[in-house]
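Enquirer: Here is a sequence together with a model predicted from it:
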Amino acid sequence: VPGKYEVFVFIPARNATTTKAQYVISHGGKQDMQVINQLLYENAWLSLGVYSFTAQGGEGVLLTDVTDEPLATKRIGFDAMKFVYRGP
């Protein structure tokens, strides 16, 4: 269903040591990026914001492996995400 959705990601307690996790949100022909310090969260749902989705395909969220931190010093934690409808 097209509309505005709040995007949440779950930050697990283990293996989430990066301070610069880059989430790319593709929506309505645009891309936005949110950089999250995963060390600040443990077993928590975190909002990446509210975005307008067209439901035409090619939309979603990508967690990149680019952190600009020294190689093999941090771990990027990933578990689940959810989209909560916020209206048209």
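Expert: Nice, I can see it.
Enquirer: which residues of the protein fall in strands?
Expert: 3-11, 21-27, 30-36, 44-53, 60-63, 81-87 (DSSP state E).
Enquirer: a markdown table for those, including mean pLDDT, mean neighbour count and distance to Leu71?
Expert: Just so you know, the C-beta spots here come from the backbone N, C-alpha and C atoms, and that holds for glycine as well. Output for these, formatted as a markdown table (pLDDT from 0 to 100; neighbours: other Cβ atoms under 10 Å; distance: least, Cβ to Cβ, whole Å):
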| stretch | mean pLDDT | mean neighbour count | distance to Leu71 |
| --- | --- | --- | --- |
| strand 3-11 | 98 | 18 | 22 |
| strand 21-27 | 98 | 19 | 16 |
| strand 30-36 | 98 | 14 | 18 |
| strand 44-53 | 98 | 15 | 26 |
| strand 60-63 | 97 | 14 | 18 |
| strand 81-87 | 98 | 12 | 26 |
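Enquirer: With distance to Glu69 added, can I get the ones you listed in JSON lines?
Expert: Converted to JSON lines, the strands of the chain look like this (distance: least, Cβ to Cβ, whole Å):
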{"stretch": "strand 3-11", "distance to Glu69": "17"}
{"stretch": "strand 21-27", "distance to Glu69": "10"}
{"stretch": "strand 30-36", "distance to Glu69": "12"}
{"stretch": "strand 44-53", "distance to Glu69": "19"}
{"stretch": "strand 60-63", "distance to Glu69": "15"}
{"stretch": "strand 81-87", "distance to Glu69": "22"}
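Enquirer: which one of the ones you listed lies closest to Ala72?
Expert: strand 21-27 (16.0 Å; Cβ to Cβ).
Enquirer: Just want the angle from that closest one to strand 3-11.
Expert: 160 degrees (axes from the mean of the first three to the mean of the last three Cα atoms, to 10 degrees).
Enquirer: Counting by contacts, list what strand 21-27 packs against.
Expert: strand 30-36, strand 44-53, strand 60-63 (3 or more Cβ pairs under 8 Å, 6 or more residues apart in numbering; DSSP states H and E).
Enquirer: No further questions, thank you.
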